[in-house]
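Q: would you be able to build a 3D model of this:
(2 chains)
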Amino acid sequence: MRDDGRRARIMAAVTGKDALAGAGELIARLCRLAVDEMALSGCALVLMSGRESAGMLAGAGRHASTVTGLQMELGEGPCLQAHASGIPVFLPDLAAGGANRWPAFAAAALAAGVHAEFSLPLTVGPDGIGTLDLCRDRPGMLSQEQLADALVTADIARDAVLYQQYAPGDTSVAELLGTGGADRIVVHQATGMIAAQLDQTTSNALARLRAAAFASGRPMHDIARDVVERRVRFDD
Amino acid sequence: MTETSGSADGRSGDSGQYDRRGAEAALARAFVRLADTLASDFDIVDFLQGLSADSVEILGAEAAGVMLADQRGGLRLVASSDERMRLLELFELQGAQGPCLDAFSTGQPVQASAADSRTRWPDFARHASDSGFQMMCAVPLRVRTDVIGAMNLFRGTDTPFTADEMDIAQAMAEMAAIGLIQERALRERTLLTEQLQNALTSRVIIEQAKGMLAEYLKLTVDDAFQLLRDYARNRNRKLSEVARDVADRKIPSTALTTRPGREP
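A: Numbers count the residues shown, from 1 in each chain, chains lettered A, B, ... in the order given. Reported below is the predicted structural model:
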């Protein structure tokens, strides 16, 4: 019963007076509310495709895309772990070694100003569709109240995604994800080209692209663009 | 519960003295089974077969069957405690009359003796009597106002089901209904999750296939997409399937250049 009250309160806060355009907007408002109420520097809903991040559906706060972007770049991190295991990952202090499992992620996140990261899986029975990621620009665990709110927020966001999939209206979930995802699209295209150049599977090609980005310190989509525009080849 | 055990002594059956503690233990086991609909290997027929068998044992009935509403609102037999029962239930469905249908349409428990049933459902009563059943009841599979089916219980004697027995039957049916509704909700959401995953994966694979074709055939990615789409259209196949086959090299890139003059 107490959780019903929590869900109703959060729903009322995000639906407000005006009509909603769809799941994307509802989730953006949920993230905004979470940022404001939980002293976050970023909150984002990330959808997963298999074991890889398929992209950020919506987010709020200056670090909204930081954590998602890093995990795409590095192919590792707490939200991939939360998605794969179905269990939340709490890293209240990245500097304190809580993220030792993901050294590259922890170093890059700290460099970008993220000090705490909480990743909640969006589960449907035994399966998952993605994660709700919350981060802070200073260390500190969520309070019990904040954690309870975050879990309910994740449930509402998951239901919104499934509802959009059930009744897409003008825009499917995949299309919602597509808007503003030019960086990601070029990465997939480059992955296909590298796979052809090396006569490899696409997952090996993605790993090669990721390694090249890591080694050069450049963003993955920059190198991907060079590949698609034929300035860089991987079989030279 | 106490009255159930007291009134059960005169019940037919050869187990002799009615064992109250044994009956309560059986009931408790039945409830645990009825709560277990979210297991990954859940099977609806097994589940309702279990409900039928438990009801026969716990309520001292001779046969039981469970019917669920289909998409058009008609009742279909899903499980029964024995095959003889199945024939009867099938008949009930075809004849559109009987205690199960009444329990389903009113949402209320129904009990009838052989004489009662002859007035209420003459065709059904004749077949019930031919099968040796003299006392019958039905309880709705109901969650609040949502009725999804009904369970039928039959006795070969004319001993009525007591009020407590009717309550237990109703409680078991409601427990089963809650489990089934939960399982349906999860199944629907799982289906949506699969569709979503397919949609997201397709997007990735189409982009990868475009890149792969662009590289093999020395085209721009936009021209590569045209080839993919034309190939899928001409063969009446889904774009995402063709893209997957290209990415997996099941379709060689040269197979997509059907137009003469285009560089292979």
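
Q: okay, now the domains of the chain?
A: Answering for chain A, as no chain was given. Using automatic domain parsing, the domain ranges for chain A come out as A:2-177, A:182-228.

Q: you answered for a different chain; I wanted chain B.
A: Taken from automatic domain parsing, chain B resolves into B:2-186, B:189-256.

Q: indicate which one of the ones you listed is closest to chain A.
A: Of all the domains of chain B, domain B:189-256 sits nearest to chain A, with 2.6 Å by C-beta to the nearest C-beta. No exception for glycine: its C-beta is placed from N, CA and C like everyone else's.

Q: ok, which residues in the stretch 101-250 of chain B are in contact with chain A?
A: Residues of the stretch 101-250 of chain B lying close to chain A (C-beta under 8 Å from any C-beta of the partner chain) are B:186, B:189-190, B:192-197, B:199-205, B:207-216, B:221, B:247.

Q: buried only: go through these for me.
A: B:186, B:189, B:192-193, B:196-197, B:199-205, B:207-216, B:221, B:247 (16 or more other C-beta atoms under 10 Å in any protein chain shown).

Q: returning to what we had before: so which of the domains of chain A is nearest chain B?
A: Counting by C-beta to the nearest C-beta, chain B lies closest to domain A:182-228 out of those; the figure is 2.6 Å.

Q: so does that closest one get close to chain B?
A: Yes. Using C-beta under 8 Å from any C-beta, domain A:182-228 reaches chain B at A:185, A:188-197, A:202, A:228.

Q: so where do the helices sit in the stretch 101-250 of chain B?
A: Per DSSP state H, counting those that start in this stretch, the stretch 101-250 of chain B carries helices over the ranges B:114-120, B:122-130, B:163-217, B:221-234, B:239-247.

Q: just checking, what packs against the last one?
A: The criterion is 3 or more C-beta pairs under 8 Å, 6 or more residues apart in numbering or on different chains; DSSP states H and E, and the helices and strands that helix B:239-247 contacts are helix B:163-217, helix B:221-234.

Q: next helix or strand past the lowest-mean-pLDDT helix or strand in chain A?
A: When the helices and strands of chain A are scored by mean pLDDT, DSSP states H and E, helix A:173-178 comes last with a mean of 74. Proceeding N to C from helix A:173-178, the next assigned helix or strand is helix A:182-198, under DSSP states H and E.

Q: so, low pLDDT: which residues of the stretch 1-150 of chain B?
A: B:1-20, B:38-40, B:85-95 (pLDDT under 70).

Q: what ranges do the strands span in it?
A: B:63-69, B:75-80, B:110-113, B:135-143, B:146-155 (DSSP state E, counting those that start in this stretch).

Q: in JSON lines: the ones you listed, plus mean neighbour count.
A: Putting the strands of the stretch 1-150 of chain B into JSON lines (neighbours: other C-beta atoms under 10 Å in any protein chain shown) gives the following:
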{"stretch": "strand B:63-69", "mean neighbour count": "24"}
{"stretch": "strand B:75-80", "mean neighbour count": "20"}
{"stretch": "strand B:110-113", "mean neighbour count": "20"}
{"stretch": "strand B:135-143", "mean neighbour count": "25"}
{"stretch": "strand B:146-155", "mean neighbour count": "24"}
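
Q: among those, which is nearest residue A:94?
A: Comparison of the strands of the stretch 1-150 of chain B against residue A:94 by C-beta to C-beta identifies strand B:135-143 as nearest, at 46.3 Å.

Q: run a quick neighbour tally on residue 234.
A: Since no chain was named, I'll use chain A. 18 (other C-beta atoms under 10 Å in any protein chain shown).

Q: I was after chain B.
A: Neighbours around residue B:234, by other C-beta under 10 Å: 9.
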